[in-house]
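Undergrad: Predicted structure and sequence below. I'll ask about it afterward.
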Amino acid sequence: MSSTSKSYKRITTNSLFEMKQAGEKISMLTAYDYSMAKAVDAAAVDVILVGDSASNVMSGHETTLPITIDQMIYHADAVVRAVKRALVVVDLPFGTYQSDPKEALRSSIRIMKEAGAHAIKVEGGAEIKDSITRILNAGIPVMGHLGLTPQSIYKFGTYTVRAREEAEAAKLLEDAQLLEKLGCFALVLEKIPAELAAKVAKTVQIPVIGIGAGGDVDGQVLVLHDMLGLTTEFSPRFLRRYMNLYDQMTTAVQQYIQDVKTNEFPNKNEQY
Ligand code: KIV
């Protein structure tokens, strides 16, 4: 636990900025429900993201596109209730902020009021700048997300590494600077070359959190179910599995079934 930022009682957007300035790496994980969020927060993670990856890992959808704002609020509300220390950031789902800044603000206000979130996250750069400005002007902290932005999967056509080409890398760097200028408090960079991510993290003052973006950024984020080994079919190179929860759960459930079938459970101490 010595490597965690225990000195912070409650993580704020300002704490993350201080961590970057002090060279302390920021830890971020997703969570979507009360019990998991409680464990993750007790371990002293700095940021909990209620990601729209809930669409994949909680509902079994192939993409993040189908999840609705009501579903995001349901997940976020449960997470916020569990968390005492981490900053809770919630994804605005696909279709709730791209078309119109007023709608973007309405969606953000719902998430802040109905779930009690501390900040929201949006995918994209210059093309959504009016929406970001509108949200920020209402006093709602915004985290950006560039690189592989899963809500645009049908535009990309593949989940492969982004911004390998010079033009896309230059646009990404420009977008990162724009997001900082608009007032975003932090930025996620997903699946881009490590060298480019390092350049972005050096160029902007706001914290840059990577996923598949190498180690020379200000922090890391993973999807909780992936790093715990609860999902088995997703194995990108950047993913480190810290346990094999799927196997452990299956083994425990098989043991339970056997105990029930053989009348080993419950025993005398487990009854009234
Ligand atoms: O939805 C999500 O989990 C995310 C992370 C991958 C950053 O956006």
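TA: Noted; the coordinates are in hand.

Undergrad: Can you show me the CA trace of the helix or strand of the chain with the lowest mean pLDDT as CSV?
TA: Across the helices and strands of the chain, mean pLDDT, DSSP states H and E gives its lowest value to helix 153-156, namely a mean of 94. Output of helix 153-156 as CSV, limited to C-alpha atoms (Å, rounded to 0.1, in the frame of the first residue of the first chain):
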residue,chain,number,x,y,z
ILE,A,153,-16.0,1.7,-33.5
TYR,A,154,-18.2,1.6,-36.7
LYS,A,155,-16.2,4.5,-38.1
PHE,A,156,-12.8,2.9,-37.3
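
Undergrad: how about it: buried residues?
TA: Residues of helix 153-156 classed as buried: Ile153 (neighbour count, 16 or more other Cβ atoms under 10 Å). All C-beta spots, glycine's among them, are computed from the backbone N, C-alpha and C.

Undergrad: same question, stretch 264-272
TA: In stretch 264-272, counting by 16+ other Cβ under 10 Å, buried: nothing.

Undergrad: what's that stretch in contact with?
TA: Contact with stretch 264-272 is made by 256, 258-259, as judged by Cβ atoms under 8 Å, 6 or more residues apart in numbering.

Undergrad: Narrow these to those in helices?
TA: Residues of the contacts of stretch 264-272 located in helices (DSSP state H): 256, 258-259.

Undergrad: Can you tell me how far Leu173 is from the ligand?
TA: Note on Leu173: its distance to the ligand, by Cβ to the nearest ligand atom, to the nearest Å, is 19 Å.

Undergrad: SS state for that residue?
TA: Following DSSP: H, G, I helix; E, B strand; the rest coil, we place Leu173 in the helix state.

Undergrad: Pull the number of nearby residues for it.
TA: By other Cβ atoms under 10 Å, 18 other residues sit near Leu173.

Undergrad: again, but for the one 4 residues further on
TA: Gln177 is flanked by 14 other residues according to other Cβ under 10 Å.

Undergrad: That one: helix or strand, and which one exactly?
TA: Counting by DSSP states H and E, the element that carries Gln177 is helix 166-182.

Undergrad: Given the helix or strand that that helix is followed by, what are its sheet partners and their directions?
TA: Downstream of helix 166-182, the next assigned helix or strand under DSSP H and E is strand 186-190. Under the criterion DSSP bridges, strand 186-190 sits next to strand 142-147 (parallel), strand 208-211 (parallel) in its sheet.

Undergrad: now check strand 186-190, is it near the ligand?
TA: Yes. Applying Cβ under 6 Å from any ligand atom, one finds strand 186-190 in contact with the ligand at 188, 190.

Undergrad: what residues does that strand touch?
TA: Applying Cβ under 8 Å, 6+ apart, the contact partners of strand 186-190 are 13, 16, 121, 143-150, 162, 172, 176, 179-180, 197, 200, 204, 206-213, 217, 221.

Undergrad: so what's the residue in the stretch 51-200 of the chain positioned nearest to the ligand up against?
TA: For the stretch 51-200 of the chain, the residue closest to the ligand is Gly51, as judged by Cβ to the nearest ligand atom, at 2.4 Å. With contact set as Cβ under 8 Å, 6+ apart, Gly51 has these partners: 30, 32, 64, 91, 121, 223.
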